[in-house]
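Peer 1: Build me a model:
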Amino acid sequence: MMDTDKIIQTLYRPGTRLYDLFMRHGELVAEKSLEIAQKVPHLHPDITFIQEAALLHDIGIFMIHAPSIHCRGSHPYVCHGFLGRQILDEMGFPRHGLVSERHTGAGITLNNITKARLPLPHREMVPVTLEEEIVCVADKFYSKTPEKANHEATVETIVASLSKIAPGHGVRFSAWATKFQL
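Peer 2: Residues are numbered from 1 along each chain as shown. Modelled structure (predicted):
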């Protein structure tokens, strides 16, 4: 098993508000991811990988500008996934990097990127593997916003929120919710 704490602490300083927020969110997502994986043992999810990827999925948030969650970087929020992929790829963890890139929303399609002129590389960023889907789904249950951080959202609330971004996002999440018996 990889040393996720060591990886995180190379980029986040323990004791800071950003570190605490990052860790709390990652732990909640990891817990939810493992709960989801336990519902589908017949699909043979890679439990160790899921736990690691869930803890690291937001590794790029320090590079975004979002003062409400203590992020003082220069990139828009939507970029944190692909920036996280770059970080994890450079560290030699490309499989984990794909989870980081593909977890945003219910995945971001190339059509979403071009139509909305998002500041993202022009490629599909939608979960492909079972493990990517599980972490993506689990992430939607918890906000990083401090006042909502410990509140678990409902499937209905998540679908409604994702559908506002793009109808396909709500449809995709609904299909995953059914698949994972949520």
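Peer 1: ok, the residue nearest to Trp176 when sequence neighbours are not counted - contacts?
Peer 2: Residue nearest to Trp176 in three dimensions, not counting chain neighbours: Val137, with 5.0 Å by CB to CB, 6 or more residues apart in numbering. Using the backbone N, CA and C atoms, a C-beta is placed for each residue, glycine as well. Shown in contact with Val137 (CB atoms under 8 Å, 6 or more residues apart in numbering): 36, 173, 176-177, 180, 182.
Peer 1: Greatest separation within those: which pair is it?
Peer 2: Using CB to CB, the contacts of Val137 reach their maximum pairwise distance at Ile36 and Phe173, which is 12.6 Å.
Peer 1: could you pull out the helices for the chain?
Peer 2: Along the chain, counting by DSSP state H, helices occupy 4-11, 17-38, 47-56, 80-90, 94-102, 110-115, 130-139, 155-165, 167-179.
Peer 1: Any idea how many residues pack against the nearest residue to Thr114 once chain neighbours are set aside?
Peer 2: Excluding the flanking residues, the one nearest Thr114 by CB to CB, 6+ apart is His122, at 6.6 Å. Using other CB atoms under 10 Å, His122 is surrounded by 8 other residues.
Peer 1: next one: Asp20
Peer 2: Asp20 has 15 neighbouring residues, counting by other CB under 10 Å.
Peer 1: what do you get for the one 5 residues further on?
Peer 2: The number of residues packed around His25, counting by other CB under 10 Å, is 23.
Peer 1: do the one 4 residues further on as well
Peer 2: For Val29, the neighbour count with other CB under 10 Å is 28.
Peer 1: and the residue nearest the centre of the chain, what is it in contact with?
Peer 2: The centroid of the chain falls nearest to His103 when counting by CA atoms, centre = their mean (4.0 Å). Taking CB under 8 Å, 6+ apart, we find His103 in contact with 57, 81, 127, 132, 135-136, 139.
Peer 1: which parts of stretch 165-178 are buried?
Peer 2: For stretch 165-178, the neighbour count (16 or more other CB atoms under 10 Å) marks 166, 168-170, 172-174, 176-177 as buried.
Peer 1: quick one on the thing from earlier: in TSV: the helices of the chain, plus distance to Lys148 and mean pLDDT.
Peer 2: Converted to TSV, those look like this (distance: least, CB to CB, whole Å; pLDDT from 0 to 100):
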stretch	distance to Lys148	mean pLDDT
helix 4-11	22	97
helix 17-38	11	97
helix 47-56	19	98
helix 80-90	17	98
helix 94-102	22	98
helix 110-115	24	96
helix 130-139	13	98
helix 155-165	11	95
helix 167-179	18	95
